[in-house]
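> fold the following and give me the result.
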Amino acid sequence: MPLAIYLLGLGIFAQGTSEFMLSGLLPDIAADLGVSIPDAGLLISAFAIGMVIGAPALAVATLRVPRRTALVAFQLVFVAGHVVGALAPGYGVLFASRVVSALAYAGFWAVAVATAVSLAPPGAKGKVLSVVGTGLTLATVVGVPAGTVLSQHAGWRTAFWGVAGLTVLSALSLLAVLPAGRATGTELPSVRREVAGLARPALWVSYLVTVLTFGAAVVTFSYLAPLLTEVSGLPAAWVPAVLSLYGVGGLAGMTLGGRFADAAPLRTLFLGVGALTLASALLALTAGSLGVTVVLVFVLGLTGYVVNPVAQSRVFPLAPDAPTLVPAVNTSAFNVGIMLTPMLGGLAIDAGFGFASVAWVGAGTGVLALAATAWAAALQRRAARGPAADAGATGSSADAGATGSSADAGATGSSVPHARTAASRASVPRAAVSPAVAPRTVTSRTVVPPARPAATAAPSTGSTASASSAVSTPSGVSPVASAPSVPSEPACHQVC
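Below you'll find the predicted structure:
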């Protein structure tokens, strides 16, 4: 595994700590700036909105910028945002700094994922992305508690300075390890090609899977602290330890998911989301039991993050023409899930259903995620059957000639404009059957010998009719486009 992969994970760890640590800093920020805790909580929403907007916008804006330059530039903007935030004299300045920091973090995340995939060994995209994503999981395990401790002992501004310093170290390490400029022989990226590459229904179904799976995972975690204290009866002093247990489960899930993301992506999604849905429903039913709740918190972390490598890696083969914009939009999809489901959980609480109701929101979202995964699987099966169905449908298919079946064995009738040339196929070109002669009824499996080309074939002029000169054909068979002689297979694969 290249060292740069781990350093990209370090960058995600530093910036991801800032994304999540505000949940532990809200009381201190509210008291220091003279605002209410709900108003301070809007700083979290501001960060999420910046992530949704910034990922695709900045990915397009920096598409032709070398990736090392873009990554370091995003980190420097992120550092500047945190310096301004640490020195903010009031709420408005801090709010603006959070939006700017989120935009920079979104751009970094999108380019980091694309860079990691480009550095991945063959067949290891899922594993590489799990290493990068582990930085975010470690942020919940280590970074968030560390930020809370700094805030409690030295003020919330110290936590901002700490994140800024760690991000500077990450930027320097990437500057030293990643190559400058573009790799030799690579094609210059095109915004039009990247945008056109997104026009695939299966890709947007995969984005829907990302929104629902991560939404199902994050909704219960968003209200876990009050659920533990108000419903399960956990002393407040033990809440950080249980939250860290969630992070440990997430780390284990990320590692496990990375091992199976490439070999069995859809199966990993089905099993992970199914287990997450079941764990959420069990938590909703047993939230009053502290022991069971603590165990389920670990399970929620495990099942919520085991699908993360699949959700990130599966989008790349669906749109190979958009290697930068595809992960950028996927980053936005993750953050749409982060915004929507906690909002639904808050509505359930405001409606009087209690803190345990957020687990039911998670279970319901998990059911929708399973349905979206089934939809994605159906589209994948249909795409896999497509070429085979086209090859065996009729003798008039141009692809049927590649199978060595009757279309390859004896073309009859007029020449076909769909016959492929050597410029469009790696294999030797073959004549195809004219659709005008199908269907035919044959009672025995007889192989018709292929047409024999003359010693010298006339060059193609763009019309198949003019390319039929000097071809010797069996009696009763019309001349077809001249092509090099190809051995015919011994048996017909379809009824001729």
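> what score does residue 343 have for pLDDT?
Residue 343 carries a pLDDT value of 81.
> in the helix or strand hosting it, what counts as buried?
Using DSSP states H and E, residue 343 falls within helix 325-350. Buried residues in helix 325-350, counted by 16 or more other C-beta atoms under 10 Å: 325-342, 344-345, 348-349. To be clear about C-beta, it is placed using only N, CA and C from the backbone, and glycine gets the same treatment.
> for the residue nearest to residue 114 when sequence neighbours are not counted, what are its contacts?
Take residue 114 and drop its neighbours on the chain: the residue closest to it by C-beta to C-beta, 6 or more residues apart in numbering is residue 324, 4.8 Å away. Contacts for residue 324 were tallied using C-beta atoms under 8 Å, 6 or more residues apart in numbering; they are 59, 63, 110, 111, 114, 189, 194.
> out of those residues, which one has the lowest pLDDT?
For these, the pLDDT minimum is residue 189, 66.
> residue 382: how many residues sit nearby?
11 (other C-beta atoms under 10 Å).
> and the strands in this structure, which stretches?
Here the chain has its strands, by DSSP state E, at 452-453, 471-472.
> for residue 155, see how far away the spatially most central residue of the chain is.
Nearest to the geometric centre of the chain sits residue 312, at 3.0 Å (C-alpha atoms, centre = their mean). The gap separating residue 312 from residue 155 is 36 Å, by C-beta to C-beta, to the nearest Å.
> mind listing what residue 272 touches?
Shown in contact with residue 272 (C-beta under 8 Å, 6+ apart): 213, 253, 257, 303, 306, 307, 310.
> in TSV: these, plus distance to residue 225.
As requested, the contacts of residue 272 are exported to TSV (distance: C-beta to C-beta, whole Å):
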residue	distance to residue 225
213	23
253	21
257	26
303	20
306	23
307	24
310	29
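> closest to residue 290 among those?
residue 303 (20.5 Å; C-beta to C-beta).
> what about the helix holding residue 343, distance to the chain center?
15 Å (C-alpha atoms, centre = their mean, to the nearest Å).
> state the distance from the residue nearest to residue 114 to residue 27.
From residue 324 to residue 27 the distance is 40 Å (C-beta to C-beta).
> same question, residue 168
Applying C-beta to C-beta, the value for residue 168 to residue 27 is 28 Å.
> out of the contacts of residue 272, flag the one nearest to residue 20.
Nearest to residue 20 among the contacts of residue 272, counting by C-beta to C-beta, is residue 253 at 16.6 Å.
> returning to what we had before: could you tell me the least trusted of the strands of the chain?
strand 471-472 has the lowest average pLDDT among those, namely a mean of 40.
> so residue 107 sits against residue 58, correct?
Yes: between residue 107 and residue 58 there is a contact at 3.3 Å, judged by C-beta atoms under 8 Å.
> more neighbours: which of those two?
Neighbours were tallied for residue 107 and for residue 58 using other C-beta under 10 Å; the higher tally belongs to residue 107 (28 against 24).
> so who does the more buried one touch?
Residue 107 sits in contact with 54, 55, 58, 59, 62, 70, 74, where contact means C-beta under 8 Å, 6+ apart.
> can you show me the helices along the stretch 201-350 of the chain?
According to DSSP state H, counting those that start in this stretch, the stretch 201-350 of the chain carries its helices in the segments 201-222, 224-226, 239-260, 265-286, 290-306, 308-313, 315-318, 325-350.
> comparing these, which comes out most buried?
Across these, the average number of neighbours (mean count of other C-beta atoms under 10 Å) peaks for helix 308-313, which reaches a mean of 29.
> now what about that one, what contacts it?
Residues outside helix 308-313 that contact it (C-beta under 8 Å, 6+ apart) are 113, 117, 125-127, 129-130, 133, 206, 209-210, 213-214, 253-254, 257-258, 260-262, 265, 268-269, 272, 327, 330, 334.
> which residues are in contact with the nearest residue to residue 226 once chain neighbours are set aside?
Leaving aside its chain neighbours, residue 226 sits nearest to residue 355 (5.3 Å; criterion: C-beta to C-beta, 6+ apart). By C-beta under 8 Å, 6+ apart, residue 355 lies in contact with 223, 226, 227, 230, 231, 287, 349.
> any idea how far residue 160 is from the second one?
Think residue 226. As for residue 226, its distance to residue 160 is 25 Å (criterion: C-beta to C-beta).
> now do the phi/psi pair for the residue nearest to residue 226.
phi -70, psi -30 (degrees, to the nearest 10).
> swap in residue 322?
phi -130, psi 60.
> now it: how far from residue 194?
4 Å.
> compare those two and say which is more crowded by neighbours.
residue 322 (28 against 21).
> distance of the more buried one from residue 354?
For residue 322, the distance to residue 354 equals 44 Å [C-beta to C-beta].
> equivalent analysis for residue 169, please.
Distance from residue 169 to residue 354, by C-beta to C-beta: 44 Å.
> and the longest helix for the protein?
Counting residues, the longest helix found in the chain (DSSP state H) is helix 357-393.
> got the angle between it and helix 201-222?
Relative orientation of helix 357-393 versus helix 201-222 (axes from the mean of the first three to the mean of the last three C-alpha atoms, to 10 degrees): 160 degrees.
> same for helix 357-393, what does it pack against?
helix 201-222, helix 265-286, helix 325-350 (3 or more C-beta pairs under 8 Å, 6 or more residues apart in numbering; DSSP states H and E).
> relative to helix 325-350, how tilted is that helix?
Using the same axes, to 10 degrees, the inter-axis angle of helix 357-393 relative to helix 325-350 is 140 degrees.
> helix 357-393: which residues count as buried?
For helix 357-393, burial by neighbour count (16+ other C-beta under 10 Å) applies to 357-370, 372-373, 375-377, 379-380, 391.
> so how far is that helix off the chain centroid?
15 Å.
> stretch 64-83 now?
Relative to its chain's centre, stretch 64-83 lies at 22 Å (C-alpha atoms, centre = their mean).
> not counting its own residues, what contacts it?
8, 11, 15, 18, 58, 62, 97-98, 100-101, 103-105, 107-108, 111-112, 114-115, 118, 160-161, 163-164, 167-168, 170-171, 174-175, 178-182, 188-189.
> and it, what's buried?
Buried residues in stretch 64-83, defined by neighbour count with 16+ other C-beta under 10 Å: 67-68, 70-75, 77-79, 81-82.
> now swap in stretch 104-118 and tell me
Neighbour counts over stretch 104-118 (16+ other C-beta under 10 Å) mark 104-117 as buried.
> mind saving the C-alpha coords of it as CSV?
Only the C-alpha atoms of stretch 104-118 are listed here, as CSV (Å, rounded to 0.1, in the frame of the first residue of the first chain):
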residue,chain,number,x,y,z
ALA,A,104,-12.3,23.3,1.6
TYR,A,105,-12.8,20.0,3.4
ALA,A,106,-15.4,18.9,0.8
GLY,A,107,-13.0,19.7,-2.0
PHE,A,108,-10.1,17.9,-0.3
TRP,A,109,-12.3,14.8,0.4
ALA,A,110,-13.4,14.6,-3.3
VAL,A,111,-9.9,14.9,-4.7
ALA,A,112,-8.4,12.7,-2.0
VAL,A,113,-10.7,9.8,-3.0
ALA,A,114,-9.9,10.2,-6.7
THR,A,115,-6.2,10.3,-5.9
ALA,A,116,-6.4,7.2,-3.7
VAL,A,117,-8.2,5.3,-6.4
SER,A,118,-5.6,6.3,-9.0
